[in-house]
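Chemist: Okay, predicted coordinates and the sequence, questions at the end:
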Amino acid sequence: MSGGVMTWTAIERVHMGTPAADALASEAERAGAGRVFLLAGGHLRRETDEIEKIERALGPRHAATWSGIAAHAPRGDVLDAKLAAREAGADLIVTIGGGSVTDAGKIVALLLRTDVTTTAGFEPFRIRVDAAGAVIEPGFDPPAARVICIPTTLSGGEFNPLSGSTDEATRHKQGYTHPMMAPVAVILDPALTVHTPEWLWLSTGVRSVDHAVETLASKQSNAFCDGTADSALRLLADGLPRSAADPGDLEGRLSCQIGAWQSMIPVVGGVPMGASHAIGHVLGGTCDVPHGYTSCVMSPYVLAWNAEDDDSRQGRISACLGRPGVAASEALDAFITGLGMPRRLSAVGVREDQLELVAKMTMHDIWGRTNPRRISGPDDVMQILRRAF
């Protein structure tokens, strides 16, 4: 008999299909927050009036709005946001934007109670991987303020206490986690996502597809997680083409948001991801590849490499994508290609002379050793990278 243990987060509520301004106003009132700090995506703040709507809805509870988080949440940007939140006296942090903004907000909450004033001060809080592949999570006090996340992309990080920030000195994207870094609430407003550039919406949707795919392929999953991943993959397989065909299809967009949420339940619950995620973390921090594009490129190649060893866990992936009996790597390749997303490392700006460094750094990722086909060292990673190049 197979068994397992599920881990849950400190998220208390998820609003689905409610206007973001209304939902946030009610959450701020519920929390008794009087100094709400908005960490907003730059595009949304500059090009739309959505942030102003949220500020007006908060009224006197609004303390400050800050934007300036670059892709992959560089330490310097996160530090600047933390200092701004401290100056504002923030008692509630709200992220409005994509995955990097979400990650930054959770780390800001972590650092807000500390005296960290330099990027070097991040070091004691980051996750490490030792030479044997063991993940070492440092212990520290919980964040002083809670977070509410309003995502505008589909990476799903808002449902995870784990966050990533890139060390500019090493070009390594590193993890930070604490159970209370999970937001107290998540607000899924599909109307807000119509402002997200199509390439970003679709590529981050494939990132959530990758969460579901690597769950269904994992030998460490269980019936509960397989079920949520199955549902997630079907919702995304339906919703992403719908939103591509009609950007105003809010039901299709909400299906994608719920699919992204479901795709994260196994990840947070304890199912380790595989080589697509491990390589993707490195490609983002080291090669500046957008988060979603890493999965668009890597996921089918990882499936194909794994299938050479054992494809017994991959049939359900093909069925969820509507192509039962077809190799999962082929079904996923066709789906991603049909969305118009890139499928080669060379197409997303990765140079051949970077592959060796990517392979070496992948072994230091939290999921560098949890792929269903064992990865024993950088040479194995290089086999996958060369296929993808």
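Modeler: It's in.
Chemist: So which residues of the stretch 1-150 of the chain form strands?
Modeler: 13-16, 36-40, 62-66, 92-97, 128-129, 135-136, 146-151 (DSSP state E, counting those that start in this stretch).
Chemist: Those strands into TSV, with extra columns for distance to residue 347 and mean pLDDT?
Modeler: To be clear about C-beta, it is placed using only N, CA and C from the backbone, and glycine gets the same treatment. Formatted as TSV, the strands of the stretch 1-150 of the chain follow (distance: least, C-beta to C-beta, whole Å; pLDDT from 0 to 100):
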stretch	distance to residue 347	mean pLDDT
strand 13-16	35	98
strand 36-40	30	98
strand 62-66	34	98
strand 92-97	25	98
strand 128-129	29	90
strand 135-136	32	90
strand 146-151	26	98
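Chemist: would a markdown table of these with distance to residue 24 and mean neighbour count be doable?
Modeler: What follows is the strands of the stretch 1-150 of the chain, written out as a markdown table (distance: least, C-beta to C-beta, whole Å; neighbours: other C-beta atoms under 10 Å):
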| stretch | distance to residue 24 | mean neighbour count |
| --- | --- | --- |
| strand 13-16 | 9 | 16 |
| strand 36-40 | 8 | 28 |
| strand 62-66 | 10 | 19 |
| strand 92-97 | 6 | 28 |
| strand 128-129 | 35 | 16 |
| strand 135-136 | 34 | 14 |
| strand 146-151 | 7 | 27 |
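Chemist: Out of these, which gets nearest to residue 167?
Modeler: Checking these against residue 167 by C-beta to C-beta gives strand 128-129 as the closest, at 12.2 Å.
Chemist: now what about stretch 58-70, what contacts it?
Modeler: 24-25, 28-29, 33-42, 45, 51, 55, 77-78, 80-81, 84-85, 87-90, 97, 100-101, 104 (C-beta atoms under 8 Å, 6 or more residues apart in numbering).
Chemist: Any idea how many residues pack against residue 346?
Modeler: 12 (other C-beta atoms under 10 Å).
Chemist: In three-state terms, label it for me.
Modeler: Three-state assignment for residue 346 (DSSP: H, G, I helix; E, B strand; the rest coil): helix.
Chemist: Give me the nearest residue to it, chain neighbours excluded.
Modeler: Spatially, and ignoring its direct neighbours in sequence, residue 346 is nearest to residue 389 (5.8 Å; C-beta to C-beta, 6 or more residues apart in numbering).
Chemist: Tell me, how many residues neighbour that neighbour?
Modeler: 17.
Chemist: ok so, going back, buried subset of the contacts of stretch 58-70, written for ChimeraX?
Modeler: Buried subset of the contacts of stretch 58-70, written as a ChimeraX selection, criterion 16 or more other C-beta atoms under 10 Å:
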select :24,25,28,33,35,36,37,38,39,40,41,45,51,55,77,78,80,81,84,85,88,90,97,100,101,104
